[in-house]
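# here's a sequence, model it:
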Amino acid sequence: MEEAQALADIGTWVYDMPASEIVWSREMYRIFGLDPSTRVTLEAYRARVHADDIARVDRSVQSSLASGSSWEVEHRIVRPDGSLRWVFVRARILRDAQGNPSRALGAMQDVTDRKRVIEELRASEERSRQRAALVEWSREAMIGLEPDGKITSWNGAAARLFGFVESEVLGKSITLLVPDGLRAEMVEALARVVGGENVERETIRRRKDGVKLEVGIVMSPIRDAAGVVRGISKIARDVSDQRKAERALKRADGQLREAQKMEAVGLLAGGIAHDFNNLLSAIVGYTELVLDTLPPGDPIRNDIIEVRKAGASAVSLTRQLLALSRRQVLQPRVLDLNQVVQNLDRMIRRLIGPHVNLCFDLAMDVGRVSADPGQIEQVIMNLVLNARDAINACESGDEGTLTISTANVLLDGDAANALIAKPGPYVMLAITDTGVGMDEATIARIFEPFFTTKEKGKGTGLGLSTALGIVQQSGGAMGLDSRPGEGTSFRVYLPRTQRELSSLYSVPPQRLSHRSWETILLVEDDDQVRSLARTALRRQGYQVLEAEHGELALALCEQHVGNIHLLVTDVVMPRMGGRELAERAAALRPEMRVLYMSGYADDDVLTRGIATDEVTLLQKPITPSSLARKVREVLDAR
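Below is the predicted model:
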């Protein structure tokens, strides 16, 4: 009997109430940690009940006495060594013939180990519940897989990320989420994980609606007790926004570097433009004066013409540098791009040749833009020539197609940022070819100054960078799409304007057939340019007063007797700039008109707001004929 009690951790006891004596079995002494020779009394028992449990034990006994039923109670006891044990007591009260309580019989079981197991199970269940909640409500998609890739678990974040609810994916292959071109990559990753590796990478996955996501994934093996891989844990996190932000930062960094590079080029170009244009004015201008004096059959006439051609090439190169650095002097007008394109039709057809099919797709309701018509023509012709060369470079030798199209577009924030433009309404001009196309490395550099894909000696590498400079200086942007073997499409975006349409081109200049008589005040600090302008104007019959700086010019305004009809002044001069001179001279001679001469856009003409519709500007380098026409134009505009 005692062995059975020991096996069950159960002791028995009898309490003689009239004698107030308790008899314990041997197992009771073991449970309480007492020597079997210890005399047990009610007080000794109660002393071993944990102080926090004694009231509950008393209530159970009192309830049993009152009702005559048995009682059950679980409580702690404190052993002599201070250790705690949990015990479960079941007892009942016996009564004598008169119905008075006489004895209590009970059994006590040590349930400490069982209770510990139960508490551990409860704690384990709680941890499992918390883990399940953690998995379910995690912000990261957590997916369980079999070794062959079948889905076994799918949390809420996975449903939110990929658009599939759990019932739609359980038992199906994880390749459900993989775009066709990446399935081999997934198979390889599964094999590595089954082989015991952890796989971590960023890749592309597909949502239920077909939208592709950039995700970061971590795949780890799930092993059994023997170390065998029985499953795969996969965690996926949407990194699309993060990568988008990184690309935007990289793009912004690239834009900053490009801006710094263009600023450096611009500073170089602007620094030399003023002086270089003065030199070119003298070279080209005096060449023109000499040619005007030589008869058609003169033997040195061809030599002078070659000098003029070289000067014209130098002028073109200077203007290209100014254009790509956004420092060219522009004379914008309100334009209809369709009209600009249509006016170039014949020239384009001559340039591209008969083997290139020219197509137009011009929107009928295209908006108006503000730009320099001559410069926009230059952009179009540059892109057309590139398209022709791309078609000619095709190995097949077949005919190609060049398409010029226009459309109204609205650039939102993302599209505008990608193009380095301000959001808003634009007119798009697209020039698309079926030529050889470009790879990503070429596209990344295509707008760089001096970068060219043409053979040595076949191109300067300034064409596209010049076009981009013109467009950006006009407030627009350029973009392109291209793939090797699939052709290229360049897109020019110019801001729409609500202003009224201007006349596209000024009246063709007529050769001056009569001598002039007006008085002109010529102000230019460069001796050669001033001498050239004085000679050209006097040959036309003008009376010329000349000054090398603004203070002398103001003195002439005060001292000259008679009218001064026109002030012709350089913008950038030492001591007093052209704008200040014009403002101070206007107070002395309000009837006097003004013609500015300028070499590049960082002159005071633009930076201080003079470049308005009311101001006339002659771009350097000047020639006798261009100066004469512009002077006559200003004087006749009454």
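# what's the first helix or strand after the helix or strand of the chain with the lowest mean pLDDT?
Ranked by mean pLDDT, DSSP states H and E, the weakest helix or strand in the chain is helix 604-607, scoring a mean of 48. Counting by DSSP states H and E, the next helix or strand C-terminal to helix 604-607 is strand 616-619.
# show me what that next one pairs with in its sheet, parallel or antiparallel.
strand 593-598 (parallel) (DSSP bridges).
# residues contacting the strand it pairs with, please?
Under the criterion Cβ atoms under 8 Å, 6 or more residues apart in numbering, residues 329, 524, 565-572, 578, 582, 585-586, 605, 610, 615-620, 622, 630-631, 634-635, 637 lie in contact with strand 593-598. The C-beta positions use only the backbone N, C-alpha and C, and glycine is treated the same way.
# now with 6 Å?
Applying Cβ atoms under 6 Å, 6 or more residues apart in numbering, the contact partners of strand 593-598 are 329, 566-568, 570-571, 578, 582, 605, 616-618, 620, 634.
# likewise stretch 539-559?
By Cβ under 6 Å, 6+ apart, stretch 539-559 touches 515-523, 525, 530, 534, 537-538, 575-576, 581, 584-585, 588-589, 628.
# what comes up buried for that stretch?
540, 542-550, 553-554, 556-557 (16 or more other Cβ atoms under 10 Å).
# show me what the helix or strand residue 93 falls within is packed up against.
Following DSSP H and E, one finds residue 93 within strand 84-95. Strand 84-95 sits against strand 71-78, strand 101-110, helix 112-137, with contacts defined as 3 or more Cβ pairs under 6 Å, 6 or more residues apart in numbering; DSSP states H and E.
# right, and those - which one's nearest residue 155?
Proximity to residue 155 (Cβ to Cβ) singles out helix 112-137 among those, at 5.0 Å.
# for residue 480, see how far away the most centrally placed residue in the chain is.
Central residue of the chain (Cα atoms, centre = their mean): residue 248, 2.5 Å from the mean position. Between residue 248 and residue 480 the computed distance is 19 Å (Cβ to Cβ, to the nearest Å).
# with residue 290 instead?
45 Å.
# out of everything not next to it in sequence, what's closest to the residue nearest to the centre of the chain?
The shortest distance from residue 248 to any non-neighbouring residue, by Cβ to Cβ, 6 or more residues apart in numbering, is to residue 417 (6.6 Å).
# what residues sit buried inside stretch 434-441?
For stretch 434-441, the neighbour count (16+ other Cβ under 10 Å) marks 434-438 as buried.
# and the two most separated of those residues?
The largest separation in the buried residues of stretch 434-441, counting by Cβ to Cβ, is between 434 and 438 at 13.4 Å.
# where exactly do the strands run in the stretch 451-600 of the chain?
With DSSP state E, counting those that start in this stretch, the ranges of strands along the stretch 451-600 of the chain come out as 477-482, 488-497, 519-523, 543-547, 566-570, 593-598.
# quick one: which of those is nearest residue 192?
Between residue 192 and those, the shortest gap by Cβ to Cβ is with strand 477-482, which sits at 36.6 Å.
# residues in contact with that closest one?
Here strand 477-482 has contacts from 419-421, 437-438, 468, 471, 488-493, using Cβ under 6 Å, 6+ apart.
# now tell me what touches the helix or strand where the residue nearest to residue 248 lies from outside.
Residue 417 is part of helix 413-419, with elements assigned from DSSP H and E. Contact with helix 413-419 is made by 423, 477, 479, as judged by Cβ under 6 Å, 6+ apart.
# how about the last one: which residues does it bridge to?
Residue 479 has these beta-bridge partners by DSSP bridges: residue 491.
# give me the pLDDT for it.
Turning to residue 479, the model gives it a pLDDT of 91.
# separation between it and residue 383?
With Cβ to Cβ as the criterion, residue 479 and residue 383 are 12 Å apart.
# over to residue 89?
98 Å.
# same thing with residue 483?
Residue 483 is 18 Å from residue 383, by Cβ to Cβ.
# which one of the two has more residues nearby?
More neighbours surround residue 383 than the other of residue 483 and residue 383, with 27 against 12 (other Cβ atoms under 10 Å).
# give me phi/psi at that one?
phi -70, psi -40 (degrees, to the nearest 10).
# now it. Nearest residue, chain neighbours left out?
Closest residue in space to residue 383, ignoring its immediate chain neighbours: residue 431 at 4.3 Å, by Cβ to Cβ, 6+ apart.
# ok, and what's touching stretch 50-64?
So stretch 50-64 is contacted by 49, 71, 73, 75-76, 78, 93 (Cβ under 6 Å, 6+ apart).
# let's see it at 8 Å
Residues from elsewhere that reach stretch 50-64 (Cβ under 8 Å, 6+ apart): 46, 49, 69-73, 75-78, 84, 89, 91-93.
# ok, back up a step: report the buried members of the contacts of stretch 539-559.
516, 518, 520-523, 525, 530, 534, 537, 576, 581, 585, 589, 628.
# farthest-apart pair in those, please.
516 and 576 (27.5 Å).
# can you pull out the helices in the stretch 151-300 of the chain?
Under the criterion DSSP state H, counting those that start in this stretch, the stretch 151-300 of the chain contains helices at 156-162, 166-169, 183-194, 240-293.
# tell me which strands and helices the second one is in contact with?
Spelled out, it's helix 166-169. Contacts defined by 3 or more Cβ pairs under 8 Å, 6 or more residues apart in numbering; DSSP states H and E place helix 166-169 against strand 151-154.
# that concludes my questions; thank you for your assistance.
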